[in-house]
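Visitor: Structure for the following, please:
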Amino acid sequence: MKLLKILVLIFYFSIYWIDSLSAQGNFTPCFKTDITKGCAPLRIRPNDCSGAGASLIFYDYGDGRGPVPDKEVTYSRAGRYAITQYINTGGGGGMKTDGQYLIEVSTPINPTFEVQFCSNFTVNITINSKDFNEYFVDLGNGQSRVVKGGDALSVKYGSGAPVRLTVYGNTSTANPNCGSTQQMITPLERQPKGVLKQVKVLADDRVEVSYALGSPNANYNLLQTALISDERKKINIPNGSTTLITTDKISNFELFRYRILASDKCGGEEEFAYEAISTIRLRTNTSKGKNTLVWNILNDLGFVNYTIYKDGNILRTITNINATTYEDTDVKCGQEYCYRIEANTNEGTTKSISATQCISVSRESNPKPVAQFVANVVNNSIEIRWQVPTESKAQTTFLLRTDEKGNATRIQVPNIPPFIDTSADLINKDYCYKLFYIDECGNAAPESSIACPIRLALTEQDNEVILNWVATGASNVVLEKLDERGNPYRMIPTSGNSLTEPKLQLDRQLTRYRVRGIVNGILIYSNIVSIRVNAQLQYPNAFSPNNDGLNDTFGIKGSFINDFHLQIFNRWGTLVYESTDINGIWDGRFNGELVPEGAYILTIEGRDTIGKKVSERTVLTVVK
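Guide: Model prediction:
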């Protein structure tokens, strides 16, 4: 234990003796630092080169503490610090000092920079920050560069693989102490192309172009090519925009085709967009009953169809690329219609839209007179029918009626037939009609031909029926007899306009008559007239049942009788004969014996063919 203490004392004594010898030597202060600038907290370790012993060396780090034996310092605040080395020379003359060694300490600031993507995998990097003199750039591909603040460098990568770009401030190494910024980048072989979507002609004939830009890092221009003069013009497309309105206007003499050009900001070659869209110019004109649309042919690739819009609604879709006209006949005179046409091209991914053109339909027209104009009698009323020509449209229709005295009446009637003239007195008057209409253009059609309904009149004279009619313009005139259901059961051809028929020849108790004829190829009828005759019963007031062959039986003959009931009574009220058969015969017998001579009461009850009650009571005399 004593030996150990002795050895320690010898060790300290040796060090003191060596330092004393050194202090008495002639040492020149000398030191260096690996770092002369950096960001707080910045640690500085001076490297001595004087040869003096460590215990003789002191440093003033400029931080206000004065000379200290510390062999390193950490600056926590930004500023400029001067480091001074002091060497203790012992008793031979005091301290020796080195000159100031300047250290610059900065506040950490993350640098800012811009990346510009060029073609062929080239990237331009611009250091925007100028807080430090130098910046260390790790290119992410195993290479690095030192760049001054505000300067730029250009790097060509070998492929389009993503890399991490890191910029460090105030350093020549990858030291993040002064701040750093990272960004993942993907070098481009070619610039992303813009996508052209739509070309629309505006009301003032300028053109609105719609598109989608491929990248904010590329330059885009709109190439406008005049289709007639072939003049080309580049229009700068603002970055981030989606539409652009040109200053040039289309006209009858010039149309345009558009494409988008993409180029890098490094002056590289331009890339054309796949799509090209041409303008479409719509013109309209109007003539009688139609609007005509005319447009230019589009030669854009991938044509799909033309779509025509009328007042905002689809009017027609046309798939023929060579079509340049369309006629709209579904129009009304004087009315305004607005049209536009859209061409779908590039397999339906793009559109070319014309400006909207509005036009009022011409009032020019040449309305034709109505056809198949007839006046018929239906249910004893005059029915008027006609047909408006298909190329005309009636806005207002008028009927001109004239009676046999020349009195004229104008009646506004519906535009669609038939019309029933309920105000006509068909029983007592003859009428003739004409018709005309005003079309939707306000022009009057010529009057129609005259149409007169057939009016049939019946008069009775003694035992005759007299029929008279007027069938103006009718052919194949026939007098018809109708049954109780109105169906003809007998047709009588006529050559004149009257017919007389004896009443006794009437085969029905109620006889209906009608005249028919043909006018303008249409079968028409007159009114129906009828005559009714009474049921007829014929029988003798006496008979003689004596078998002399004269008036031996009693019978009744009748016409138009449906129900029949005959009874004969003697003077005491005894029923001696009864029959419900109008053709029945009484031989004058009662209970097998001839009745006595004398007067008998005869009664007949029944109904005729039209349902009228028939009742007779008289005296029948039996003689022998």
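Visitor: then stretch 328-348 to PDB, C-alphas only?
Guide: Output of stretch 328-348 as PDB, limited to C-alpha atoms (Å, rounded to 0.1, in the frame of the first residue of the first chain):
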ATOM      1  CA  ASP A 328     -86.600  20.900 -90.300                       C
ATOM      2  CA  THR A 329     -90.200  20.800 -91.500                       C
ATOM      3  CA  ASP A 330     -91.800  20.600 -88.100                       C
ATOM      4  CA  VAL A 331     -92.100  24.300 -87.800                       C
ATOM      5  CA  LYS A 332     -94.800  27.000 -87.500                       C
ATOM      6  CA  CYS A 333     -94.900  30.200 -89.500                       C
ATOM      7  CA  GLY A 334     -93.400  33.200 -87.800                       C
ATOM      8  CA  GLN A 335     -92.200  31.200 -84.800                       C
ATOM      9  CA  GLU A 336     -88.600  31.500 -83.700                       C
ATOM     10  CA  TYR A 337     -86.400  28.400 -83.300                       C
ATOM     11  CA  CYS A 338     -82.900  28.100 -82.000                       C
ATOM     12  CA  TYR A 339     -80.500  25.500 -83.400                       C
ATOM     13  CA  ARG A 340     -77.000  24.200 -82.600                       C
ATOM     14  CA  ILE A 341     -75.000  21.200 -83.900                       C
ATOM     15  CA  GLU A 342     -72.500  19.100 -82.000                       C
ATOM     16  CA  ALA A 343     -69.900  16.900 -83.600                       C
ATOM     17  CA  ASN A 344     -68.700  14.000 -81.500                       C
ATOM     18  CA  THR A 345     -65.200  12.900 -82.700                       C
ATOM     19  CA  ASN A 346     -62.100  11.100 -81.500                       C
ATOM     20  CA  GLU A 347     -64.200   8.000 -80.800                       C
ATOM     21  CA  GLY A 348     -66.600  10.200 -78.700                       C
END
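Visitor: Any buried residues in that stretch, and which?
Guide: Asp328, Val331, Cys333, Tyr337, Tyr339, Arg340, Ile341, Glu342, Ala343, Asn344, Thr345, Asn346 (16 or more other Cβ atoms under 10 Å). No exception for glycine: its C-beta is placed from N, CA and C like everyone else's.
Visitor: who's in contact with the fourth one?
Guide: Contacts for Tyr337 were tallied using Cβ atoms under 8 Å, 6 or more residues apart in numbering; they are Asn291, Lys310, Asp311, Asp328, Val331, Cys358, Ile359, Ser360, Val361.
Visitor: now do 10 Å
Guide: 284, 286, 291, 310-311, 315, 328, 330-331, 357-361 (Cβ atoms under 10 Å, 6 or more residues apart in numbering).
Visitor: and which of the buried residues of stretch 328-348 is nearest Asp63?
Guide: Using Cβ to Cβ, Asn346 is the member of these that lies nearest Asp63, at 72.2 Å.
Visitor: Per-residue pLDDT of the residue nearest to that closest one when sequence neighbours are not counted, please?
Guide: Residue nearest to Asn346 in three dimensions, not counting chain neighbours: Gly302, with 4.3 Å by Cβ to Cβ, 6 or more residues apart in numbering. Per-residue pLDDT puts Gly302 at 92.
Visitor: Surely Gly302 forms part of a helix?
Guide: No - counting by DSSP: H, G, I helix; E, B strand; the rest coil, Gly302 falls outside a helix, being coil.
Visitor: Who are the contact partners of it?
Guide: Contacts for Gly302 (Cβ under 10 Å, 6+ apart) come out as Tyr274, Glu275, Asn344, Thr345, Asn346, Glu347, Gly348, Thr349, Thr350.
Visitor: any idea how far it is from Thr319?
Guide: 13 Å (Cβ to Cβ, to the nearest Å).
Visitor: One more: Ile561?
Guide: 81 Å.
Visitor: If you count surrounding residues, which of those two has more?
Guide: Neighbour count, other Cβ atoms under 10 Å: between Ile561 and Thr319, Ile561 has more, with 19 against 10.
Visitor: these two touch, right, that one and Arg607?
Guide: Yes - look at Ile561 against Arg607 with Cβ atoms under 10 Å: they come within range, at 7.7 Å.
Visitor: Name the residues contacting each of these two.
Guide: Ala535, Val614.
Visitor: got the end-to-end distance for stretch 157-173?
Guide: End-to-end distance of stretch 157-173 (Cα to Cα, to the nearest Å): 21 Å.
Visitor: in that stretch, what's buried?
Guide: For stretch 157-173, by 16+ other Cβ under 10 Å, it's Tyr157, Val163, Leu165, Thr166, Val167, Tyr168, Gly169, Asn170, Thr171.
Visitor: Between all of these, which two are separated the most?
Guide: Tyr157 and Asn170 (26.4 Å).
Visitor: what residues are up against the closest residue to Lys249 other than its chain neighbours?
Guide: Nearest non-adjacent residue to Lys249, counting by Cβ to Cβ, 6+ apart: Asp205, 3.9 Å away. Listed by Cβ under 10 Å, 6+ apart, the contact set of Asp205 reads Asp248, Lys249, Ile250, Ser251, Glu254, Thr279, Arg281, Ala355.
Visitor: low pLDDT regions in the stretch 201-350 of the chain?
Guide: The stretch 201-350 of the chain contains residues with pLDDT under 70 at 268-269, 273.
Visitor: how about 80 then?
Guide: Counting by pLDDT under 80, the ranges of the stretch 201-350 of the chain that qualify are 217, 264-265, 267-274.
Visitor: Okay, Arg259 and Phe253: tell me how far apart.
Guide: Using Cβ to Cβ, one obtains 22 Å as the distance from Arg259 to Phe253.
Visitor: These two: who's more crowded?
Guide: Applying other Cβ under 10 Å to Arg259 and Phe253 shows that Arg259 carries more neighbours, namely 18 against 8.
Visitor: if I look at the more buried one, how far off is Ser278?
Guide: Arg259 is 10 Å from Ser278, where distance means Cβ to Cβ.
Visitor: which neighbours do the two share?
Guide: Common neighbours of Arg259 and Ser278, counting by Cβ under 10 Å, 6+ apart, are Thr225.
Visitor: still on that earlier bit, what sits in contact with each of Gly302 and Thr319?
Guide: Contacts common to Gly302 and Thr319, judged by Cβ under 10 Å, 6+ apart, are Asn344.
Visitor: For the residue lying closest to Asn110 once chain neighbours are set aside, give me its contacts.
Guide: Distances taken as Cβ to Cβ, 6+ apart place Gly179 nearest to Asn110, at 4.0 Å, with adjacent residues excluded. Counting by Cβ under 10 Å, 6+ apart, Gly179 makes contact with 39, 106-111, 129, 131-132, 135, 167-171.
Visitor: let's go with 6 Å and repeat that
Guide: Counting by Cβ atoms under 6 Å, 6 or more residues apart in numbering, Gly179 touches Pro108, Ile109, Asn110, Gly169.
Visitor: likewise Lys332?
Guide: Applying Cβ under 6 Å, 6+ apart, the residues near Lys332 are Glu440.
Visitor: Does Leu504 belong to a helix, a strand or coil?
Guide: helix.
Visitor: if we can go back for a sec, please report the distance of the residue nearest to Asn346 from Gly267.
Guide: According to Cβ to Cβ, Gly302 stands 33 Å off from Gly267.
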